[in-house]
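Asker: Structure of the sequence below:
(chains A and B)
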Protein chains: 2
Amino acid sequence: MDISELGEFALIKHLTEKINLKNPSTIKGVGDDAAVIVPAKEKKTLVTTDLLLEGIHFDLTYVPLKHLGYKAAVVNFSDIYAMNGQPRQITVSIGISTRFKVEDLDEFYSGILLACDKYGVDLVGGDTSAALTGLTISITCIGEAETPVYRNGAKETDLICISGNLGAAYMGLQLLEREKRVFAANPDSAQPDFKGKDYILERQLKPEARQDIIRLLAEKNILPTAMIDVSDGLSSDIMHICEQSHAGCRIYEDKIPIDYQTATMAEEFNMSLTTAALNGGEDYELLFTIPLADHEKVKDIEDIKIIGHITQAEAGLALVTRDGQEFTLKAQGWNSIS
Amino acid sequence: MDISELGEFALIKHLTEKINLKNPSTIKGVGDDAAVIVPAKEKKTLVTTDLLLEGIHFDLTYVPLKHLGYKAAVVNFSDIYAMNGQPRQITVSIGISTRFKVEDLDEFYSGILLACDKYGVDLVGGDTSAALTGLTISITCIGEAETPVYRNGAKETDLICISGNLGAAYMGLQLLEREKRVFAANPDSAQPDFKGKDYILERQLKPEARQDIIRLLAEKNILPTAMIDVSDGLSSDIMHICEQSHAGCRIYEDKIPIDYQTATMAEEFNMSLTTAALNGGEDYELLFTIPLADHEKVKDIEDIKIIGHITQAEAGLALVTRDGQEFTLKAQGWNSIS
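Answerer: Numbering: from 1, shown residues only, chains lettered A, B, ... in the order given. Reported below is the predicted structural model:
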């Protein structure tokens, strides 16, 4: 169905009528000039926002709209977890060209709502607009935290920890881009065989935010001194922590956790695995620092790896390679600007 | 200067280094995964968001970027006032094509920061992205209210009030569009003479939000039963109140406040003045209902006019014209979808 058949007000009603508010803090969701939230006592409010543009951040030739909605929501939740918080509400604004039908938006919103259900978040507002070209998505997430963790608290000797593994989302993207080129060159080619590559594809197309790590840290009574989520790549993100903490770091290449599928794919593409892990981005893992005294608490947690430690600022940002050489880490965003 | 010369991180630093945080509730602004706010005790948090796209919501051939920034911020503040709240923080996300230079963004942000200064709001975050075409702006505003006023509380016999006047922003837009056409047809034509048209141009290019009306209502101890800001036009906006309040209304054409410049311009364009007031939109005036018993309190306030009253739902949405005829109001958004 064409969106113009519905009109703006009916479209908003259609897209939002399936929303069930879950959080006691959500007093009023969609449908007024603003959403109304009762903040929990003794908690601080967190606000983060992301802009996603077709052709820059996503390619609809291989990204299903439902996955896109899911990912768009999850990357915002990830920013809230990176503050040691819990996401509670989101607003979703979209700009849509006439190429999109009501059914497309249904797919997109079903992904958003799936993510909201999984992470306990309420969709409370947004904006809907015609667009001259493509799809524009802007999401703002509101969360809460008793003790926010910033990027600026890392101290010399602190251990640098990372959850999960790095580089998988980037290798997933390389694979999808290759198959897109294959298909463009030969539209009659068979469906690509993605067997054994499901993990890296899922990391790219339907990433998860590390709610579980925040819970685990609280259970183990570990309060990170600094934290960030890995969206631009380990290099950029550790640089943010070091810069704001006025500190340096030593990262050990052989400690960086890499999944088997990521390694296989990098070999197939003849790419440097470490470059993928350092600069790939979109991992949405949590990168954090803890006092050296907390070493015992983390050393046996399977999904958290210690990859280095914080040094004096004068020591700079060092990567120690497998063969013992030392390089300076360079910040490199995901795109020149993204 | 080309934005690519700076890169993302330096650009963000450049755009945000002039920010002075004003609100005690703002604990952490730009520079981390999320902004941190300490909500005031006993107050509710309000969240509203707007997406503005070049070619749909604004035309840079006649809108200066500084004014655009100012307006983009103010229309969000207006939504917070329409909830009987005070705006406190905003996040600003922009998508920018290579056509824009660093100096353009400086202009845009100077408008945003001017609005923030005037209304006591802190710029606390955002996102910056490359875009394939044009300028994309997404703003989210966080506010607070002790007693939010919704759209759904209007009761039969309540008086319908409007601040300021209607239709001016729409006539300002008509004027700008005409001059654009004149210039397109004859690029050597003289600069247009806007003398005596400054008010309608300002209403279109640099509107204000009615912070003063919210203050006045509090001073006079008037709590509206329902409120909305006029962004789509009186017809649509009174319809939102009536629909959500399960009520009808009677609006009197001769009571609708219109500025002299608006009337003159409508005559020059041979347009219906009432249509401009009903469907023009972008007035950002406050439309609200109050109990009949509060009549004495508002009747002498110069900048608030009573334009009708709330009826039973069965009576529908009636416009009573100057010659006593009755029409049904039709909702008509600003664009088919905007």
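Asker: Please name the nearest non-neighbouring residue to A:Ile160.
Answerer: Nearest residue to A:Ile160 in three dimensions, chain neighbours excluded: A:Gly308, at 4.4 Å (CB to CB, 6 or more residues apart in numbering or on different chains). For glycine as for every other residue, the C-beta is placed from the backbone atoms N, C-alpha and C.
Asker: surely A:Leu104 meets A:Leu65?
Answerer: Actually, residue A:104 is Asp rather than Leu. Yes - counting by CB atoms under 8 Å, A:Asp104 does reach A:Leu65; the two are 5.6 Å apart.
Asker: Check whether whichever residue of the stretch 101-250 of chain A sits closest to chain B sits in a helix, strand or coil.
Answerer: Distances between the stretch 101-250 of chain A and chain B by CB to the nearest CB are smallest at A:Ser138, namely 3.5 Å. Recorded secondary structure, A:Ser138: strand (DSSP: H, G, I helix; E, B strand; the rest coil).
Asker: who's it bridged to?
Answerer: A:Ser138 has the following beta-bridge partners by DSSP bridges: A:Leu51, A:Ser93.
Asker: gap between it and B:Ile139?
Answerer: For A:Ser138, the distance to B:Ile139 equals 9 Å [CB to CB, to the nearest Å].
Asker: for A:His67, same thing?
Answerer: Per CB to CB, A:His67 is found 27 Å from B:Ile139.
Asker: Could you pull out the strands in chain A for me?
Answerer: Along chain A, the segments classed as strands by DSSP state E run A:26-28, A:35-37, A:44-53, A:86-96, A:122-130, A:135-145, A:159-163, A:226-229, A:247-252, A:286-290, A:304-312, A:317-320, A:326-328.
Asker: Let me see the mean pLDDT of the fifth one.
Answerer: Confidence for strand A:122-130, expressed as mean pLDDT, is 95.
Asker: got the domain boundaries for chain A?
Answerer: A:3-145, A:159-328 (automatic domain parsing).
Asker: which bits of the stretch 101-250 of chain A sit near chain B?
Answerer: The stretch 101-250 of chain A comes close to chain B at residues A:124-134, A:136, A:138, A:140-143, A:145, A:148, A:150-152, A:227-229, A:236, A:244, as judged by CB under 8 Å from any CB of the partner chain.
Asker: run the last query once more with 7 Å
Answerer: Within the stretch 101-250 of chain A, the positions adjacent to chain B are A:124-133, A:136, A:138, A:140, A:142-143, A:148, A:150-151, A:228-229 by CB under 7 Å from any CB of the partner chain.
Asker: What subset of those residues is buried?
Answerer: Burial by neighbour count, 16 or more other CB atoms under 10 Å in any protein chain shown: within these this picks out A:124-131, A:133, A:136, A:138, A:140, A:142-143, A:148, A:150-151, A:228-229.
Asker: Using neighbour counts, pick out the buried residues of the least confident helix or strand in chain A by mean pLDDT.
Answerer: One helix or strand of chain A scores below all others by mean pLDDT, DSSP states H and E: helix A:3-6, with a mean of 84. For helix A:3-6, a neighbour-count test (16+ other CB under 10 Å) marks A:Ile3, A:Leu6 as buried.
Asker: does chain B sit close to it?
Answerer: Yes - counting by CB under 7 Å from any CB, chain B has neighbours in helix A:3-6: A:Ile3, A:Ser4.
Asker: Alpha carbons of that helix, as PDB, please.
Answerer: C-alpha atoms of helix A:3-6 as PDB (Å, rounded to 0.1, in the frame of the first residue of the first chain):
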ATOM      1  CA  ILE A   3       1.900   5.600   2.200                       C
ATOM      2  CA  SER A   4       0.100   8.500   0.600                       C
ATOM      3  CA  GLU A   5      -3.100   6.400   0.700                       C
ATOM      4  CA  LEU A   6      -3.000   6.400   4.500                       C
END
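Asker: coming back round to it: return the most buried member of the domains of chain A.
Answerer: domain A:3-145 (a mean of 21; mean count of other CB atoms under 10 Å in any protein chain shown).
Asker: how distant is that domain from the center of its chain?
Answerer: 15 Å (CA atoms, centre = their mean, to the nearest Å).
Asker: Can you give me the end-to-end span of it?
Answerer: Here the two ends of domain A:3-145 are set 39 Å apart, with distance taken as CA to CA, to the nearest Å.
Asker: do the same with stretch A:49-60
Answerer: OK, stretch A:49-60 end separation, CA to CA: 22 Å.
Asker: what do you get for stretch A:241-255?
Answerer: 19 Å.
Asker: again with stretch A:287-302
Answerer: In stretch A:287-302, first residue to last residue: 15 Å (CA to CA).
Asker: How far does that stretch sit from its chain's centre?
Answerer: With CA atoms, centre = their mean, you get 22 Å for stretch A:287-302.
Asker: So it, near chain B or not?
Answerer: No - with CB under 7 Å from any CB as the criterion, chain B is not reached by stretch A:287-302; the gap is at least 10.7 Å.
Asker: Rounded mean pLDDT for that stretch, please.
Answerer: Averaging pLDDT along stretch A:287-302 gives 96.
Asker: Likewise for stretch A:225-236?
Answerer: 96.
Asker: Kindly export that stretch (C-alpha atoms) in CSV.
Answerer: What follows is stretch A:225-236, C-alpha atoms only, in CSV (Å, rounded to 0.1, in the frame of the first residue of the first chain):
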residue,chain,number,x,y,z
THR,A,225,36.7,3.1,35.9
ALA,A,226,36.0,3.9,32.2
MET,A,227,33.8,2.3,29.5
ILE,A,228,32.8,2.8,25.9
ASP,A,229,31.1,0.5,23.3
VAL,A,230,33.2,-0.5,20.3
SER,A,231,31.3,1.2,17.4
ASP,A,232,34.2,2.8,15.5
GLY,A,233,36.8,0.1,16.1
LEU,A,234,39.1,-0.7,19.0
SER,A,235,41.8,1.9,18.0
SER,A,236,39.4,4.8,18.0
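Asker: Look up the closest residue to A:Leu273, ignoring the ones flanking it.
Answerer: A:Ala266 (4.4 Å).
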